[in-house]
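Trainee: Next one to model:
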Amino acid sequence: MKIRVLPPGVEVDAAPGQPLQDALFPLGVEFPCGGRGRCKGCRVQVIEGTLPPHPMDLALFTPGEIAEGWRLACRARVESALVLQVRQWDTLILSDNTPLAFEPREGLGVAIDLGTTTVVAQLLDLATGQVRAVRTGLNAQAKWGADVMSRLEHALGGGGEELKESVNRQLAGMTAALVKSAGAPWEAVRKVVVVGNTVMQHLMWGFPLKQLALAPHVPHTVAPLAAPSSALGWDLPANVAVHFLPNLGGFVGSDILAGILATRMLESERLVAAADLGTNGEIVAGSREGIIVSSTAAGPAFEGGRIELGMRAGKGAIARVGVSDHRMDARVIGGGDPRGVCGSGLVDAVAAALDLELLAPSGRLADGDRLMVAPPVYITQRDIRELQLAKAAIAAGLRMLLEELGKSLEDVTRFYLAGAFGNTLGVESAEKIGLFKFGSERTVPVGNAALRGAKIALLSPNGGVPPDLQRHVRFLNLGSRPRFQELFADEMWLGAEA
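Mentor: Presented below is the predicted three-dimensional model:
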C-alpha cells in the first residue's frame, strides 16, 4: 500500500497491517518517547485514506482533533493507502533510503548532510549497507541567521567560535543518539562522513572566513578533511574519525560533490546537468569527459523568503496551485485555511497567472499590485520580481555552463533536480515560467542527493572521491563573465521562450 508523506511528498510502500512507525522511521520521522504513545511528538494528520483511531488517540486528542484526522503514528497500523501530514516537519527535511552498491566490511558508519537549514544523519551497517537509524533536525546555528550570509556576518563580527561549537555539539549529539537508538557498541563505529556547503564547512572546522565572504569568494581549502572527533570538540565515548568531503570552489561545497557522486555524473557518457535550488543555487553540467560547476545568488524566494506571505513548506503553506474553471485552485499542506505560500506554491501561482493572463511575461500584473491565490493569501508585484530574479539567476547560470562546454539546452540528456525545493517543485510550472527548459521527460528529481553521496563515500573503502577530482571538475566564476549578465537580463522574461 502506498503512503505519501507531506512534506516532502515522498512515497513509501507498506504491507497491510504493518505498524505505521516502521514505514515512517526510515524517512526520518522521530518517535521522541520511544513509540510509547505518551508525547504526541509523532502525530500525523490523515489527509487521504483511512486510519481508525487507537484507544490512546482517543485519550490524548480532543474530539475535534480526532475529527480533523490527527493520530499517533506509533500506535497506528496500515489499513489503506494514505496521504499523511507529519506535524514535526514544519520545515521540510529530506532523508534518503536509496539502495547503494558497496563493498562489505565490518563495523558501522555515520553519514551526515549538514545543510544551512536542516541536518540529516544516518547510521549505516557497513557489512550490509542497511540504514540502522536516522536523526533529523533544524541546524542549531539558525538562531544566528537563516542564511549563510547572516552567519558569515555574525562569525566575522566575533561569533565564529560559538557557531563552530554549536554545530559540532549538534553533530556529536546526533551521532550519539544514532548509536544509542541502534543499541550498537561504540567500538563498532568506524567513520563519520559529513557533506555541506562551503560556509557550513568553514564554520564547522573554524577556518578563516574573510576570503570566502569577499569576492571572488575563495574557500580556505578544496582538499578533503579528516580529524579525530575529539579535535572538533565531539564528546563521544569513542574518538571516531570525522571526514568532510572536499569543496569544489567558491560557494560550491561538498554537498554538490556528493550530488555528483549520487547521480554518477563522472561516469556518464552523455551530457547531463543538475541543480540544487536554494538561496545559493548550485548548478552542474558535464559528463565523464569533464564537469563544470558554479553557484549563483538566487535569493531566498525558492524557500519562501522575501515573499510578503512566504513561508517554508509546512502545515498551512500553499504548496501547489493549478487552474480549474478559469480560476486558481490551491492545495494547502495539511488541509484547512492557508497561512502563506512556500516556494513551490509561488512558482505554481505565477505559472497559473500566466495561463489566466493575469500576468504579462514581463512580470507585470494586469490589474493592481497584488494577486489573490487563495484567501487570505496573495502574492504581490514585488514577490513576482523576487521570483524573476531567482529564476533568471538559475536559468542564465545553466546556459552559461553549457556555453562553456560548447553545448546547448537541447544537448542535455538528463537534468537532475536535487534538494528539498526540487523535490516539491511542479516541473510543468517551472517549465512554464522558464526556470529550466528540459521537459518533464528529461527532468529527474533526486531528493537528498547530498546525503546519498555522503553514504556512497562512507560505504566506499577508498572514500568514494576520485584522487584526481580537480582534473575532472572545474569551477566557473559566473560573476567574472560579462556574458552572464547578458543572459541574466534575457532570462528575466517569464516564459519558456525567454
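Trainee: I'd like the average pLDDT over the one helix or strand residue 135 maps to.
Mentor: Using DSSP states H and E, residue 135 sits in strand 131-138. Strand 131-138 comes out with an average pLDDT of 85.
Trainee: mind checking how far it is from the chain centre?
Mentor: A distance of 15 Å separates the centroid of the chain from that of strand 131-138, by CA atoms, centre = their mean, to the nearest Å.
Trainee: Sheet partners, orientation included, of it?
Mentor: Strand 131-138 pairs in its sheet with strand 118-125 (antiparallel), by DSSP bridges.
Trainee: Tell me where the stretch 151-300 of the chain has helices.
Mentor: For the stretch 151-300 of the chain, the helices defined by DSSP state H, counting those that start in this stretch occupy 160-182, 198-205, 210-213, 254-263.
Trainee: got the phi/psi numbers for the residue lying closest to residue 197 once chain neighbours are set aside?
Mentor: Distance criterion CB to CB, 6 or more residues apart in numbering; nearest residue to residue 197, sequence neighbours excluded, is residue 253 at 3.8 Å. To be clear about C-beta, it is placed using only N, CA and C from the backbone, and glycine gets the same treatment. Main-chain torsions, residue 253, degrees, to the nearest 10: phi -100, psi -170.
Trainee: For residue 253, grab the count of nearby residues.
Mentor: Other residues lying near residue 253 total 29 when counted by other CB atoms under 10 Å.
Trainee: give the contact list for it.
Mentor: Residues in contact with residue 253 (CB atoms under 8 Å, 6 or more residues apart in numbering) are 195, 196, 197, 198, 199, 200, 201, 247, 282.
Trainee: same thing with residue 327?
Mentor: Counted by CB under 8 Å, 6+ apart, residue 327 has contacts residue 356.
Trainee: thinking again about what came up before, neighbour count and pLDDT added to the contacts of residue 253, as a markdown table?
Mentor: Below are those laid out as a markdown table (neighbours: other CB atoms under 10 Å; pLDDT from 0 to 100):
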| residue | neighbour count | pLDDT |
| --- | --- | --- |
| 195 | 31 | 97 |
| 196 | 27 | 94 |
| 197 | 25 | 92 |
| 198 | 29 | 94 |
| 199 | 25 | 94 |
| 200 | 26 | 94 |
| 201 | 25 | 97 |
| 247 | 27 | 93 |
| 282 | 27 | 91 |
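Trainee: What ranges in the stretch 51-200 of the chain fall below the confidence cut-off?
Mentor: Low-confidence segments of the stretch 51-200 of the chain, defined by pLDDT under 70, are located at 88-95, 97, 99, 146.
Trainee: let's see 80
Mentor: Residues of the stretch 51-200 of the chain meeting the criterion pLDDT under 80: 87-101, 117, 138, 142-143, 145-147.
Trainee: Low-confidence stretches in the stretch 351-498 of the chain?
Mentor: Counting by pLDDT under 80, the stretch 351-498 of the chain contains low-confidence residues at 419-424, 496-498.
Trainee: That one: helices as residue ranges?
Mentor: 381-404, 419-424, 427-433, 449-459, 469-472, 482-491.
Trainee: Give me whichever of these is most buried.
Mentor: A comparison of the helices of the stretch 351-498 of the chain by mean neighbour count, using mean count of other CB atoms under 10 Å, puts helix 449-459 on top with a mean of 28.
Trainee: got the residue ranges for the strands in the stretch 1-150 of the chain?
Mentor: Along the stretch 1-150 of the chain, counting by DSSP state E, counting those that start in this stretch, strands occupy 2-6, 10-13, 43-48, 70-72, 82-86, 108-114, 118-125, 131-138.
Trainee: As a markdown table, the ones you listed with distance to residue 237 and mean neighbour count would be great.
Mentor: Formatted as a markdown table, those follow (distance: least, CB to CB, whole Å; neighbours: other CB atoms under 10 Å):
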| stretch | distance to residue 237 | mean neighbour count |
| --- | --- | --- |
| strand 2-6 | 34 | 19 |
| strand 10-13 | 33 | 14 |
| strand 43-48 | 33 | 19 |
| strand 70-72 | 33 | 24 |
| strand 82-86 | 32 | 22 |
| strand 108-114 | 13 | 27 |
| strand 118-125 | 15 | 24 |
| strand 131-138 | 16 | 20 |
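Trainee: So for residue 173, which of those strands sits nearest?
Mentor: With CB to CB as the criterion, residue 173 lies closest to strand 131-138 of the strands of the stretch 1-150 of the chain, at 8.7 Å.
Trainee: Give me the contact list for the strand or helix carrying residue 349.
Mentor: Remark: residue 349 resides in helix 343-355, with elements defined by DSSP H and E. Residues from elsewhere that reach helix 343-355 (CB under 8 Å, 6+ apart): 301-304, 307, 310, 313, 317-323, 328, 330, 341, 359, 361, 365, 371, 373, 379, 383-384, 387, 421, 424-426, 428-430, 432-433, 435, 494-495.
Trainee: now do 6 Å
Mentor: 302-304, 318-321, 323, 328, 359, 371, 373, 379, 387, 421, 424-426, 429-430, 432-433 (CB atoms under 6 Å, 6 or more residues apart in numbering).
Trainee: With stretch 67-76 instead?
Mentor: Applying CB under 6 Å, 6+ apart, the external contacts of stretch 67-76 come out as 20-21, 24, 31, 35, 37, 42-46, 51, 54, 56-57, 61.
Trainee: How far does it stretch from one end to the other?
Mentor: 16 Å (CA to CA, to the nearest Å).
Trainee: Break this protein down into its domains, please.
Mentor: As assigned by automatic domain parsing, the chain contains the domains 2-86, 108-263.
Trainee: Out of those, flag the one nearest residue 456.
Mentor: domain 108-263 (4.9 Å).
Trainee: returning to what we had before: quick check: which of the domains of the chain is buried the most?
Mentor: Highest mean neighbour count of the domains of the chain: domain 108-263, a mean of 20 (counted as mean count of other CB under 10 Å).
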